[in-house]
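[1] would you be able to build a 3D model of this:
(2 chains)
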Amino acid sequence: MDCGLLQAMAEEDEEINVYNEETFGMDLDTHGTTEVPNNGLLQFGELPSPPPPPPPPTPPLDPKPPSRHSSPSPPRQRPQYFPRAPPGQRGRGRGQRGGLGRGQMFEDPAVVRIVQGRPSIKVMHIYSLCEFRQLSSAARLHFDVFLVFKGLDSAIVDCGNAMYQNSFEDDMHSFTVPGSPINLRQPLTPRQHYNQVYTKMDQTCSDALKPIVNVLAKNSVDLLVSVVTNDTGGFMFPMNRPCPSTPQSLTPKMMQLRFGANSPRPSPFYSPSSNSVQHFRKPEGWDPYCNLMTAKEKEWITRLQMIQLQSEHPYLEDYYYQEYYRRIEAKMAEEELGIRGKREPPKLTTPYIMKSDSYTPVVHIEGSLGQVAVSTCYSPRRAISAVNAVQAQCPLEVIVFLRHLASRKCINLPDTDTDTHFHITGTKRHQTTALFIVLLEVEETERMKTTVLSEEEERRLMEKTQKKVEHIYSQLQHHDPLDSGGEFLPFLLVSKGKRLVARLLPFLKHDTALKILRIVTCNLPTLMSRDTEEALPVLYPSLRNVIGGLTFSQLIGLIKDLTFESLTTSESLTLACQNKFGLSLLYALLSQGEKLLSSGVPLEPSIGDFETWTDTIFQVAGQLSQCSLVEPLLLPSNLLTLFCRYLDKRTLHQLKSNME
Amino acid sequence: MLLTLALPCRCVFQLFYSFFKSLVGKDVVVELKNDLRLGYLNIKLTDISVTDPEKYPHMLSVKNCFIRGSVVRYVQLPADEVDTQLLQDAARKEAMQQKQ
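    Model prediction:
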């Protein structure tokens, strides 16, 4: 080459260097010193190994580019455009990058950082063209250039084609139609090739690609990138390089546009997530919006929102949450200690509300204008309001209307007097709500006892609790002349009252609790028949504890009430056998008797207690063996032992099969 | 729903927030009035997924969203995570506090 040409080339090199420094500022490392990158703008690490053997020839493709939707081509990438930093900030990027350290979660997601990324296909194309110089004529690469362009933007493809044609035609490099082998006639020096490439690029390609071509062409001799094409035509990332989509620590020399903190760029070959809800989402390889928020960011938002819920009185203002987690922790502590395993947890079933089979959404009453909308399950609020409205006054017209609805099976009415029933029910519910608030205070006071240290304070709390309990008990005991039942019964007929009594029983003394138990056993048929919401089982755990503290005499008294007064007829006994609560209560009483008899403790029975006991066994066993039994809430383990002692084998066998 | 709503009277919503706090991290399904059902996260609705993606493919790319309360039809809660008795007690307590 002559000197003039060399000089021109040197000047051109200087211009290129200046341009690169201004554009990318990549000459500065973390120490702020200038460093001439040997590897160029896109640093691909060390020099890779020699190229792999040429791939087998691929069949020529149609000239028409295939549809992008037909094959799993990787997501198209825009031409990598590296923004020019303002003069004052040039070269600050890397040095400053380490300083962005006030927690990544508070980082401005709009800040663009440069990390290593996938080289553009256009770059790969240039590399491959330059490297053809290195290959011997024998090592012809059957390179389907068209496949390289596949998936690129049209701008890049056009530029590539234009450059492709202009640069190599002038050099008399014959590049045939895309898809055919490439023949190299007269190899050019890298500098000559660069000149032609740059010249033609200047004419045809967009400004965005020029910087890429400039730097790469300048350093093209030192680089070798293996381009591997797969059968579908898409290109695969070189095997010796990790996928840039995988989260990796940022280094100053890693360059790829990223938004947010460590947001990985998806790759078509990214392994799918093992998320359990994956079947509701596209594979993450095709979801460019996944992983926008990291776990830390989500935590941050949650923390911000929790700040709004801060209060000085968490137990008052955040009662549900505090109490909920206290119960969970208590359960976990019990499980750890193994306490739960020792106890026999009562098998309770959740009550359900009976649903009517059919309903008429619109009711027409004779003589009325228009039609009346009926409250249904779709509008529960109106149903509740209707009950509350009735409880205040119960005019005859409303009663007639309600009876009409009942006749059409729109609502369920008990078989008592409608007017008094609704009045009583509504009143009792109202009273029960007020009593519940007192009960909550009692429970809270009971909980506070564990935190109290001094005896005087504990005694004071106990007195306070006792007063409130007595108040609730007296309210429940209060006998209203309008009530059809006796004491406690009106409250026991409503589900809310049952729950109230169930939670009150642990706070009552044994005598008062026994009184309530007696009322339940005496009125068992009534309670079972009017338990439409099946709320009776909530009473079982508390009543079972009361039964567990009975003496033999007290037990016999209850059994007499149960079998000789309430369940006197076979029909009522059958009804008890087919009601979960009734059957469970019967089992509990028999189990307690067996426990007392087999314990060896002196029973101190009254006259006739043992005869009553024996008669009860025979009567109950006979009934249980004949009728069908429902599954009880809890089946005591000593019940069969009890029956074995009194019954013959045939009856016992039949009873056993029934109970199981 | 985001908890960043400005509350005119915080005491009214104390139970609301206290209850939904216990559901953080649990799966809920929000059914909107346009029959769109979103699920698999708490009411803040981050990392959502559509229960019927074939019917609403445009929602597949949505990961986080804010839902205006007036468009919510139902919020389906997991039964195991809700203590109804405690909820009733909390409602009674809140009613008592409001009276005071």
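
[2] tell me the first helix or strand C-terminal of the lowest-mean-pLDDT helix or strand in chain B.
    Every helix and strand of chain B was ranked by mean pLDDT, DSSP states H and E. The lowest is strand B:37-41, at a mean of 51. Using DSSP states H and E, the next helix or strand after strand B:37-41 towards the C-terminus is strand B:49-50.

[3] from the contact counts, what lies against that following strand?
    With contacts taken as 3 or more C-beta pairs under 8 Å, 6 or more residues apart in numbering or on different chains; DSSP states H and E, strand B:49-50 sits against strand B:37-41. Bear in mind the C-beta positions are built from the backbone N, C-alpha and C, glycine included.

[4] quick check, pLDDT for A:S120.
    Looking at A:S120, its pLDDT reads 45.

[5] one more: A:I411?
    On pLDDT, A:I411 comes in at 52.

[6] where do the strands of chain B begin and end?
    Taking DSSP state E as the criterion, chain B carries its strands at B:28-32, B:37-41, B:49-50, B:72-76.

[7] where among those strands is the average confidence lowest?
    Note on the strands of chain B: lowest mean pLDDT is at strand B:37-41, with a mean of 51.

[8] how about residues contacting stretch A:312-320?
    A:309, A:311, A:322, B:11, B:14-15, B:17-19, B:21-22, B:86-87, B:89-90, B:93-94, B:97 (C-beta atoms under 8 Å, 6 or more residues apart in numbering or on different chains).

[9] buried residues of that stretch, list them for me.
    Buried residues in stretch A:312-320, counted by 16 or more other C-beta atoms under 10 Å in any protein chain shown: A:317-320.

[10] residues contacting B:Q76?
    B:28-31.

[11] try it again at 6 Å.
    B:Q76 sits next to B:V29 when contact means C-beta atoms under 6 Å, 6 or more residues apart in numbering or on different chains.

[12] tell me the bridge partners for it.
    Per DSSP bridges, the residues bridged to B:Q76 are B:V29.

[13] where does pLDDT dip in chain B?
    Scanning chain B for pLDDT under 70 picks out the ranges B:1-13, B:36-47.

[14] who in it is up against chain A?
    By the rule C-beta under 6 Å from any C-beta of the partner chain, the part of chain B lying against chain A is B:3, B:14, B:17-19, B:21-22, B:40, B:46, B:49, B:53, B:60-61, B:63, B:83, B:86, B:89-90, B:92-93, B:96.

[15] so A:F488 touches A:Q475, yeah?
    No. Applying C-beta atoms under 6 Å, one finds A:F488 not in contact with A:Q475, separated by 10.3 Å.

[16] show me which of the residues of chain B next to chain A are buried.
    For the residues of chain B next to chain A, a burial check counting by 16+ other C-beta under 10 Å picks out B:3, B:14, B:17-19, B:21-22, B:40, B:46, B:49, B:60, B:63, B:83, B:86, B:89-90, B:92-93.

[17] out of those, which sit inside helices?
    B:14, B:17-19, B:21, B:86, B:89-90, B:92-93 (DSSP state H).

[18] of all the residues you listed, which two lie farthest apart?
    With C-beta to C-beta as the measure, no two of those lie farther apart than B:K21 and B:R92, at 19.0 Å.

[19] is it correct that A:A502 falls within a helix?
    Yes. Counting by DSSP: H, G, I helix; E, B strand; the rest coil, A:A502 is part of a helix.

[20] how many residues are close by it?
    Residue crowding around A:A502 was assessed by other C-beta atoms under 10 Å in any protein chain shown; the count is 18.

[21] just the pLDDT at it, thanks.
    With respect to pLDDT, A:A502 scores 93.

[22] and of the ones in helices among the buried ones among the residues of chain B next to chain A, the nearest to A:F436?
    So of these, ranked by how close each gets to A:F436 (C-beta to C-beta), first place is B:R92, at 5.6 Å.

[23] which residues are in contact with the closest one?
    Counting by C-beta under 6 Å, 6+ apart, B:R92 touches A:436-437.

[24] between A:F488 and A:Q475, who's got more neighbours?
    A:F488 (21 against 15).

[25] so how far is A:I547 from the more buried one?
    In this view, A:F488 and A:I547 are 17 Å apart by C-beta to C-beta, to the nearest Å.

[26] cool, B:S22 as well?
    Going from B:S22 to A:I547 by C-beta to C-beta gives 35 Å.

[27] same deal with B:L32?
    Separation of B:L32 from A:I547 (C-beta to C-beta) stands at 51 Å.

[28] the two: which is more packed in?
    Between B:L32 and A:I547, counted using other C-beta under 10 Å, the more crowded position is A:I547 (23 against 14).

[29] can you tell me the element the more buried one falls in?
    Assigned by DSSP H and E, A:I547 belongs to helix A:540-548.

[30] what helices or strands is that helix leaning on?
    Identification of packing neighbours for helix A:540-548 by 3 or more C-beta pairs under 6 Å, 6 or more residues apart in numbering or on different chains; DSSP states H and E yields helix A:510-522, helix A:580-599.

[31] quick check: angle from whichever helix or strand comes after it to helix A:510-522?
    Downstream of helix A:540-548, the next assigned helix or strand under DSSP H and E is helix A:552-560. Interaxial angle, helix A:552-560 versus helix A:510-522 (axes from the mean of the first three to the mean of the last three C-alpha atoms, to 10 degrees): 20 degrees.

[32] buried set for helix A:552-560?
    Buried residues in helix A:552-560, defined by neighbour count with 16+ other C-beta under 10 Å: A:552, A:554-560.

[33] before we move on, what about stretch A:622-633?
    Residues of stretch A:622-633 classed as buried by neighbour count (16+ other C-beta under 10 Å): A:623-625, A:632-633.

[34] of those, which belong to helices?
    Among the buried residues of stretch A:622-633, the members found in helices (DSSP H) are A:623-625.

[35] tell me the one of those residues nearest chain B?
    Nearest to chain B among those: A:L624, at 32.9 Å, using C-beta to the nearest C-beta.

[36] ok, now which ones touch the closest one?
    Neighbouring residues of A:L624 by C-beta under 6 Å, 6+ apart: A:L655.

[37] again, but for the one 3 residues further on
    A:C627 makes contacts with A:574, A:577, as judged by C-beta under 6 Å, 6+ apart.

[38] can you do 8 Å?
    When contacts are counted by C-beta under 8 Å, 6+ apart, A:C627 touches A:574, A:577-578.

[39] which parts of the stretch 351-500 of chain A sit against chain B?
    With C-beta under 8 Å from any C-beta of the partner chain as the criterion, the stretch 351-500 of chain A comes near chain B at residues A:433, A:436-437, A:440, A:499.

[40] so which of these wins on neighbours?
    Going by other C-beta under 10 Å, A:F436 tops these with 22 neighbours.

[41] that's a strand at it, yeah?
    No. Assigned with three-state DSSP, A:F436 falls outside any strand and is helix.

[42] before I go, just wanted to say thanks for your time.
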